[in-house]
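Engineer: Attaching a predicted model along with its sequence, questions to come.
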Amino acid sequence: EAGVVQSPRYKIIEKKQPVAFWCNPISGHNTLYWYRQNLGQGPELLIRYENEEAVDDSQLPKDRFSAERLKGVDSTLKIQPAELGDSAVYLCASSLRSGQRRTEQYFGPGTRLTVT
Amino acid sequence: GENVEQHPSTLSVQEGDSAVIKCTYSDSASNYFPWYKQELGKRPQLIIDIRSNVGEKKDQRIAVTLNKTAKHFSLHITETQPEDSAVYFCAAMAGSGNTGKLIFGQGTTLQVKP
């Protein structure tokens, strides 16, 4: 079974530039998560999708961050414009929810963003 | 808001010794507590988890204990090996039911010396 796929793995941009990250979850997983992990910290949830619906985006800085999950499979996270403080690893994860049961969250390898 | 505190931030043990990492959480409705291992530059991987209807769970050299009254849970690794060296994160699922929202601790860097 293929794991969660993310691209690109690394991205270096200048501040004020836009950037986009892509995630392909494990086949069949209906829940998708985007996390941000700052250096030396645990992951922090940015947004959670159940199928194509964003059910929790309370931690997403909506002035510059946006996300979409068209067709309830792949997802894209965008930052525009990027700031120096956005430098972090952006992790995508997925899980399968069936009724009240939910599998563990499987993480992708992440995209390491450096804003200069 | 929801919060998870993790201690210690770094832990160094000799190969063969035991390692214990402790976490406390603030949301009394939390009912699912996973532990993830993250090697340098790699993705977090689940190593063990526990639900609130269980007080202890063991998988070979790894065990987790949960005290819901104290809102405290711990990871125990016995007979540590150099390949156990990594950053370990605890997490608690926010809210009751099955929200899917994990709140992570700050991480513990475990070093196992050969």
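Structural biologist: Looks like it arrived, so ask away.
Engineer: helix, strand or coil for B:Glu83?
Structural biologist: helix (DSSP: H, G, I helix; E, B strand; the rest coil).
Engineer: List the neighbouring strands of the worst-scoring helix or strand of chain A on mean pLDDT plus their orientation.
Structural biologist: Lowest on mean pLDDT, DSSP states H and E among the helices and strands of chain A sits strand A:101-102, with a mean of 74. In the sheet containing strand A:101-102, its partner strands are strand A:97-98 (antiparallel), by DSSP bridges.
Engineer: Please enumerate the strands of chain B.
Structural biologist: B:4-7, B:10-14, B:19-25, B:32-38, B:45-51, B:56-59, B:62-67, B:72-77, B:86-93, B:102-104, B:108-113 (DSSP state E).
Engineer: Would you mind writing the CA trace of the last one as PDB?
Structural biologist: Translated: strand B:108-113. What follows is strand B:108-113, C-alpha atoms only, in PDB (Å, rounded to 0.1, in the frame of the first residue of the first chain):
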ATOM      1  CA  THR B 108      11.300  14.400  23.600                       C
ATOM      2  CA  THR B 109      14.700  13.800  22.000                       C
ATOM      3  CA  LEU B 110      15.800  10.400  23.100                       C
ATOM      4  CA  GLN B 111      19.500   9.400  22.700                       C
ATOM      5  CA  VAL B 112      20.500   5.800  23.400                       C
ATOM      6  CA  LYS B 113      24.200   5.500  23.900                       C
END
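Engineer: Which secondary structure elements does that strand sit against?
Structural biologist: If you count contacts as 3 or more Cβ pairs under 8 Å, 6 or more residues apart in numbering or on different chains; DSSP states H and E, strand B:108-113 packs onto strand B:10-14, strand B:19-25, strand B:86-93. Where C-beta positions appear, they are placed from N, C-alpha and C, glycine not excepted.
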